[in-house]
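Q: Requesting a structural model of the entry that follows:
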Amino acid sequence: MFEATIDVSYFLKIVESLKDIIREVYLKFSKKGMTIQSMDPAHVAFITLFMEGAGFEVFKCHKATKIGVDLEYFGNILRLSKSPLDKLTLIASESQNASTQQTQSGPSSISVILQDDKSKRSTEFKMKLINFEESEFRTPKLNSDSLLCMRSADFAHICRDLGNISDTVHLGFIK
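A: Numbers count the residues shown, from 1 in each chain. Reported below is the predicted structural model:
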């Protein structure tokens with residue numbers, strides 16, 4: 001159904017940035033890429049992140065798939081990588097579905113593989129997926145006058161700092 005390979009350190013930064021805001025997310029794989037989408041428990045923050053397939057070292061998606069992931073648990077697996085140069089590969093295949101109980105939205109588990117090309121070391125985990133009730137969110141088309149770009153490490157640092165300051169944060173723009 002899908003296979004995606006990316007740097008572990010890059011994906012871990014994304015997971016670390018999001019896990020303080022939301023615990024459970026859907027990863028949606030399509031021919032175009034991967035979308036992460038969820039809403040925080042208080043229904044204040046809506047998170048949507050699209051990663052184009054071209055941004056992955058390997059990206060194959062034969063069938064659109066939606067999987068539910070616990071970010072805390074997923075982050076624990078990713079932190080097991082020994083080197084920032086390790087590669088993360090996520091795989092869900094039809095053969096996995098045949099041997100496991102399949103839900104309507106996709107597989108019940110995926111393979112998470114951490115690989116180090118230098119030492120030829122590879123560790124594979126089977127990660128059970130979660131099903132949680134969440135409405136399908138549509139991202140509204142918005143016209144904006146500005147675009148903010150920053151490194152994911154800087155964004156993660158800002159989110160951690162804001163979490164230490166307050167439970168609530170208001171982001172606004174000054175004209």
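Q: Run through this protein and note the low-pLDDT ranges.
A: 94-106, 133-142, 144, 169-175 (pLDDT under 70).
Q: And the strands in it, which stretches?
A: 2-7, 24-29, 33-39, 46-52, 58-61, 65-70, 87-92, 109-116, 121-128 (DSSP state E).
Q: I'd like these as a markdown table, with mean neighbour count and distance to residue 80 appended.
A: From N, CA and C alone the C-beta is placed, and that goes for glycine too. Shown next, in a markdown table, are these (neighbours: other C-beta atoms under 10 Å; distance: least, C-beta to C-beta, whole Å):
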| stretch | mean neighbour count | distance to residue 80 |
| --- | --- | --- |
| strand 2-7 | 19 | 15 |
| strand 24-29 | 22 | 19 |
| strand 33-39 | 20 | 21 |
| strand 46-52 | 14 | 22 |
| strand 58-61 | 16 | 21 |
| strand 65-70 | 20 | 16 |
| strand 87-92 | 20 | 11 |
| strand 109-116 | 18 | 7 |
| strand 121-128 | 13 | 7 |
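Q: Mind checking these for the one nearest to residue 148?
A: strand 46-52 (14.2 Å; C-beta to C-beta).
Q: any idea of the angle that closest one forms with strand 24-29?
A: Interaxial angle, strand 46-52 versus strand 24-29 (axes from the mean of the first three to the mean of the last three C-alpha atoms, to 10 degrees): 30 degrees.
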